[in-house]
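Engineer: let's see this in three dimensions:
(one chain, ligands or ions: 1)
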Amino acid sequence: QNTIYRAGVSGITPTVPTSAEKLEAAARRALLRRPGGRKAWAYVYGGAGSGVTMSANREALDRRRLVPRVLRSTDQRDLSTQVLGQTLPAPVLVAPIGAAGLVRRDADVHIGRAAAERGLPYILSSQGSSPMEATAAAMKDGPRWFQLYWSRDEQLVDSFISRAEAAGAGALVVTLDTTTLGWRPWDLDLGSLPFTRGVGIAQYTSDPRFAEMVADRVAREAAAGAGTDPDAVKVTPKAVVTLLEMARNHPGAFRRNLTAPETRAAVQTFLDTFSNPALNWDHIATLRDRTRLPVVLKGVLHPEDAQRAFDMGVDAVMVSNHGGRQVDGSIGTLDALVRIREAVGPEPTLLLDSGIRNGTDVVKAMACGADAVTIGRPHIYGLAIAGQRGVGEVLDNLLAEIDLTLSLCGASSWDDVDASLLA
Ligand code: FNR
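Structural biologist: Presented below is the predicted three-dimensional model:
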């Protein structure tokens with residue numbers, strides 16, 4: 001904190017603006033300067049519907065007011081905390097962002113490295129722009145979790161889970177609020193859906209089970225074209241893997257080859273299987289036998305759903321509305337967290353997601369009973385402005401503001417932060 005503060009008052013200008021509003025504006029400017037930048041900005045910034053829930057997230061945070069305490073000797077501070085038995089340097093995780101490759105090449109690797117340098121867990125997206133193995137390798141020992149979109153193909157689910165385990169994931173985060181994409185005018189009006197252009201499907205194109213599915217589709221289509229039996233058409237999974245890897249390693253090739261039967265089949269297979277509206281509690285119940293990782297459910301807003309999750313042994317719930325990108329008009333997440341905490345009691349692990357922009361937001365969330373928070377758009381804004389360094393500065397600024405807010409509120413650690421700090 002001191003380093004940033006001293007730099008700030010000595011005329012050294014930071015790379016990324018230190019206020020949330022200016023950060024957003026700078027990211028917008030940076031993206032709009034680039035070819036295709038309008039679509040990238042719409043995708044990252046845009047919310048569902050009229051943006052009511054995006055505002056509700058902020059409103060729930062802004063409505064709450066801190067009542068700082070004084071004279072409490074806060075010169076020695078400790079921001080660290082425990083989540084799922086893991087020690088974090090601060091109660092902050094980096095949320096999964098799919099198709100971040102629209103913003104910058106090798107996006108996931110840049111974000112992963114910035115998070116790893118600070119010891120903050122990065123939640124790798126199912127819709128990552130690099131295969132999880134590559135991101136994990138770039139992060140070295142940095143903590144990472146894996147976010148799963150539950151595919152329509154159960155073998156693909158198992159394949160993702162076992163790859164995540166092998167890539168050193170510390171938890172499995174199952175996103176429940178996106179069994180189908182929300183109504184997103186920002187993208188719809190630009191005729192823009194990143195995945196159809198082959199962005200954000202690297203976890204799939206690097207997956208052996210997915211390659212099998214694509215091979216199968218190519219064979220079926222070829223057979224239908226030739227009027228023969230699909231089994232008679234020879235398309236080996238290996239040939240498809242090779243082709244998909246080529247497409248992955250040569251960005252642009254995918255788009256150019258979009259008419260090649262294999263790449264077209266890959267995108268179609270992805271669109272048909274990536275998420276599963278039939279998902280229900282029985283699927284979640286199977287997870288205990290499918291993974292040794294702690295299970296986190298992301299996208300829970302109703303107290304009864306949270307209670308049911310904990311009753312069936314889920315390890316944590318992430319209270320989230322996907323940054324206001326799914327059901328417009330849904331409750332602001334801090335309001336949802338307070339209701340859920342009341343229902344489940346003090347013990348179960350609750351993470352707060354959506355709308356977090358400032359250090360003060362984190363302190364408020366913790367005072368309301370969160371165990372940690374996740375941030376989404378802010379780190380992507382840092383990425384848009386200055387790549388890995390930009391992500392790092394966004395995280396540093398957030399940590400610094402948390403630290404000084406804690407101190408100025410008379411708290412030395414999270415033990416000192418509870419509802420008594422709120423008006
Ligand atoms: C997301 N989010 C998301 N969530 C998820 O579980 N898997 C994903 O692939 C994505 N992809 C994604 C892309 C983009 C561009 C955004 C902005 C968000 C949701 C994300 O993890 C998180 O819930 C929100 O971003 C949190 O809200 P804020 O911090 O952006 O307000």
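Engineer: thinking residue 123 is in contact with residue 93, fair?
Structural biologist: Yes. Using Cβ atoms under 8 Å, residue 123 is in contact with residue 93, at 6.2 Å. (Glycine included, C-beta is placed from N, CA and C.)
Engineer: any shared contact partners between those two?
Structural biologist: 145, 374 (Cβ atoms under 8 Å, 6 or more residues apart in numbering).
Engineer: so residue 394 sits in a helix?
Structural biologist: Yes. The assignment for residue 394 (DSSP: H, G, I helix; E, B strand; the rest coil) places it in a helix.
Engineer: now do the contacts for it.
Structural biologist: Residue 394 touches 16, 23, 378-379, 381-382, counting by Cβ under 8 Å, 6+ apart.
Engineer: going by distance to the ligand, which of those wins?
Structural biologist: Nearest to the ligand among these is residue 378, at 6.4 Å by Cβ to the nearest ligand atom.
Engineer: tell me, how many residues neighbour that closest one?
Structural biologist: Here the count is done by other Cβ atoms under 10 Å, and residue 378 has 23 residues near it.
Engineer: what ranges of the stretch 51-200 of the chain fall below the confidence cut-off?
Structural biologist: Residues of the stretch 51-200 of the chain that meet the criterion pLDDT under 70 lie in 194-198.
Engineer: flag every residue of the stretch 101-250 of the chain that's near the ligand.
Structural biologist: 125-127, 147, 175 (Cβ under 6 Å from any ligand atom).
Engineer: restricted to strands, list those residues.
Structural biologist: Residues of those located in strands (DSSP state E): 147, 175.
Engineer: what is the nearest of the residues of the stretch 101-250 of the chain next to the ligand to residue 185?
Structural biologist: Minimum distance to residue 185 across those is 20.4 Å, recorded for residue 127 (Cβ to Cβ).
Engineer: how's the chain carved up into domains?
Structural biologist: 2-180+276-421, 202-273 (automatic domain parsing).
Engineer: can you redo these as CSV with distance to residue 193?
Structural biologist: CSV is the format used below for the domains of the chain (distance: least, Cβ to Cβ, whole Å):
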stretch, distance to residue 193
domain 2-180+276-421, 9
domain 202-273, 9
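Engineer: could I get the residues of the stretch 101-250 of the chain next to the ligand as CSV with distance to residue 111 and neighbour count?
Structural biologist: Below are those laid out as CSV (distance: Cβ to Cβ, whole Å; neighbours: other Cβ atoms under 10 Å):
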residue, distance to residue 111, neighbour count
125, 10, 26
126, 15, 25
127, 13, 26
147, 13, 27
175, 17, 25
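Engineer: from the residues of the stretch 101-250 of the chain next to the ligand, which two are the most distant?
Structural biologist: 127 and 175, at 9.9 Å, using Cβ to Cβ across these.
Engineer: anything in contact with each of those two?
Structural biologist: Shared contacts of residue 127 and residue 175, counting by Cβ under 8 Å, 6+ apart, come down to 96, 149.
Engineer: which one is whichever residue of the chain sits closest to the ligand nearest to, not counting chain neighbours?
Structural biologist: Closest approach between the chain and the ligand, counting by Cβ to the nearest ligand atom: residue 376, at 2.0 Å. Spatial nearest neighbour of residue 376, excluding adjacent residues (Cβ to Cβ, 6 or more residues apart in numbering): residue 95 at 4.1 Å.
Engineer: tell me, how many residues neighbour the one you found?
Structural biologist: 27.
Engineer: these two touch, right, it and residue 372?
Structural biologist: No. Using Cβ under 8 Å, residue 95 is not in contact with residue 372; the gap is 11.4 Å.
Engineer: returning to that earlier point: so what's the residue of the chain closest to the ligand up against?
Structural biologist: 95, 97, 323, 353-354.
Engineer: distance check, it against residue 204.
Structural biologist: Remark: distance between residue 376 and residue 204 (Cβ to Cβ, to the nearest Å) = 22 Å.
Engineer: what do you get for residue 142?
Structural biologist: Distance from residue 142 to residue 204, by Cβ to Cβ: 24 Å.
Engineer: now do residue 156
Structural biologist: Relative to residue 204, and taking Cβ to Cβ, residue 156 is found at 8 Å.
Engineer: do the same with residue 115
Structural biologist: 23 Å.
Engineer: out of these two, which sits in the more crowded spot?
Structural biologist: A side-by-side neighbour count of residue 115 and residue 204, using other Cβ under 10 Å, places residue 204 first with 28 against 25.
Engineer: now the spatially most central residue of the chain: phi and psi?
Structural biologist: Nearest to the geometric centre of the chain sits residue 96, at 1.5 Å (Cα atoms, centre = their mean). In terms of degrees, to the nearest 10, the main-chain angles of residue 96 are phi -70, psi 130.
Engineer: what do you get for the one 4 residues further on?
Structural biologist: With angles defined as degrees, to the nearest 10, residue 100 sits at phi -60, psi -10.
Engineer: I'd say it and residue 124 touch.
Structural biologist: No. Applying Cβ under 8 Å, one finds residue 100 not in contact with residue 124, separated by 10.8 Å.
Engineer: contacting residues for residue 142?
Structural biologist: 112-113, 115-117, 119, 121-122.
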